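A.B. asks: Build me a model from this:
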Amino acid sequence: MRRFNGVINFYIVMNWHEYIHTDPKVLVGKPVLKGTRLSVDFVMRLLASGWTREQILADYPRLTPEMLQACFSFAAECLEGESFYAAPAK
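C.D. replies: Presented below is the predicted three-dimensional model:
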């Protein structure tokens, strides 16, 4: 159970630690999916550019659906409690 703006939300967030780790010897310590050299931000950028889960899993057969879900869970935890403000357009 978590509170967000005073509202209680019930949801289960997966334990991304089972799928993501950092190692200074791999991609200079960026968070990567275990057993790969694929960084979380690389996978998130694939999704942001329009790739589907199916395309990613087909092109990177070592990945599992749970690994992709772990990327979302990791990103959600990183953003939790953060505040972002729109910058004026130049």
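A.B. asks: where's C71, which helix or strand?
C.D. replies: According to DSSP states H and E, C71 maps onto helix 65-79.
A.B. asks: Okay, buried residues for that helix please.
C.D. replies: For helix 65-79, the neighbour count (16 or more other CB atoms under 10 Å) marks M67, L68, A70, C71, F72, S73, F74, A75 as buried. Any C-beta I mention is one placed from the backbone N, CA and C, and that applies to glycine too.
A.B. asks: show me where the protein has helices.
C.D. replies: Using DSSP state H, the helices found in the chain span residues 40-48, 53-59, 65-79.
A.B. asks: My understanding was that D23 contacts V32; is that so?
C.D. replies: Yes. With contacts defined as CB atoms under 8 Å, D23 counts as touching V32 at a distance of 7.4 Å.
A.B. asks: quick revisit: okay, the helices of the chain in CSV with mean pLDDT next?
C.D. replies: Formatted as CSV, the entries for those read as follows, by pLDDT from 0 to 100:
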stretch, mean pLDDT
helix 40-48, 97
helix 53-59, 97
helix 65-79, 92
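A.B. asks: closest to P88 out of those?
C.D. replies: Set against P88 and scored by CB to CB, the helices of the chain come closest in helix 65-79, at 22.3 Å.
A.B. asks: wait, what's in contact with the spatially closest residue to Q69 that is not a sequence neighbour?
C.D. replies: Counting by CB to CB, 6 or more residues apart in numbering, Q69 lies nearest to M14, which is 5.9 Å off, once chain neighbours are set aside. Contacts here follow CB atoms under 8 Å, 6 or more residues apart in numbering; on that basis M14 touches E66, Q69, A70, S73.
A.B. asks: The residue nearest to the last one when sequence neighbours are not counted: neighbour count?
C.D. replies: The shortest distance from S73 to any residue other than its chain neighbours is 4.3 Å, reached at W16 (CB to CB, 6+ apart). For W16, the tally of surrounding residues (other CB atoms under 10 Å) stands at 23.
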